[in-house]
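Asker: I'd like to go over a predicted model; first the sequence, then the structure.
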Amino acid sequence: WLKLHSLDLGTQNGWRQPSEITLQGLTGLLVRCPVLSAVGLAMNAWAPEIDCRRPGGGVRRDSLEVLRVADSKIKNPLSVAAFLSDIAPNAEITGYDFAYDIDGMFGTRVTKYQERWEE
């Protein structure tokens, strides 16, 4: 785990069900995998009670360049943005790529969350 540079868990097709991975779980992954530069996973993104000065609780990974969130649910986008910019300030956050939605299965549900991620 210490040498893991990239981890992608089904972001091309989405998870099609709610993820139990939280922002705190992402933080734990970044602590255990210090050289990750790309992470792709679906998560249930809601910001916990956060300290305005350090929303990520002091965890910071400047080496994370890409965070692919697939069809992740998101609540309170501004708090989530503050949290993610604190723990991974250099990461480009990308959502679900509709090019992979061959059957058009994700349409409305994914579009709703994609718009929130783009906020």
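Answerer: Great, that's in hand. Remember, it's a predicted structure, so these values are computed and weren't measured experimentally.
Asker: C-alpha from now on. contacts and neighbour counts both.
Answerer: Noted.
Asker: Surely Asn90 touches Glu65?
Answerer: Yes. Asn90 is in contact with Glu65 according to CA atoms under 8 Å; the separation is 5.7 Å.
Asker: Show the model's pLDDT score for Leu67.
Answerer: Among the per-residue scores, Leu67 holds a pLDDT of 92.
Asker: From Arg54, how far out is it?
Answerer: Taking CA to CA, to the nearest Å as the criterion, Leu67 is separated from Arg54 by 20 Å.
Asker: between these two, who's got more neighbours?
Answerer: Neighbour comparison, Leu67 and Arg54: the larger count goes to Leu67, with 21 against 15 (by other CA atoms under 10 Å).
Asker: how about the nearest residue to Asn76, chain neighbours excluded?
Answerer: With CA to CA, 6 or more residues apart in numbering as the criterion, Asn76 has its nearest non-adjacent residue at 6.5 Å, and that residue is Trp46.
Asker: Quick check: bridge partners of that neighbour?
Answerer: The residues listed as beta-bridge partners of Trp46 by DSSP bridges are Lys75.
Asker: give me every residue that touches it.
Answerer: By CA atoms under 8 Å, 6 or more residues apart in numbering, the contact set of Trp46 is Thr22, Leu23, Ile74, Lys75, Asn76, Pro77, Ser79, Val80.
Asker: A PyMOL selection for those residues, restricted to the buried ones, would help me check which they are.
Answerer: Per 16 or more other CA atoms under 10 Å, the buried members of the contacts of Trp46 correspond to this PyMOL selection:
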select buried, resi 22+23+74+77+79+80
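Asker: Format the contacts of Trp46 as CSV; extra columns: pLDDT and distance to Leu2.
Answerer: As requested, the contacts of Trp46 are exported to CSV (pLDDT from 0 to 100; distance: CA to CA, whole Å):
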residue, pLDDT, distance to Leu2
Thr22, 89, 21
Leu23, 89, 20
Ile74, 82, 29
Lys75, 82, 31
Asn76, 81, 32
Pro77, 83, 30
Ser79, 83, 29
Val80, 86, 26
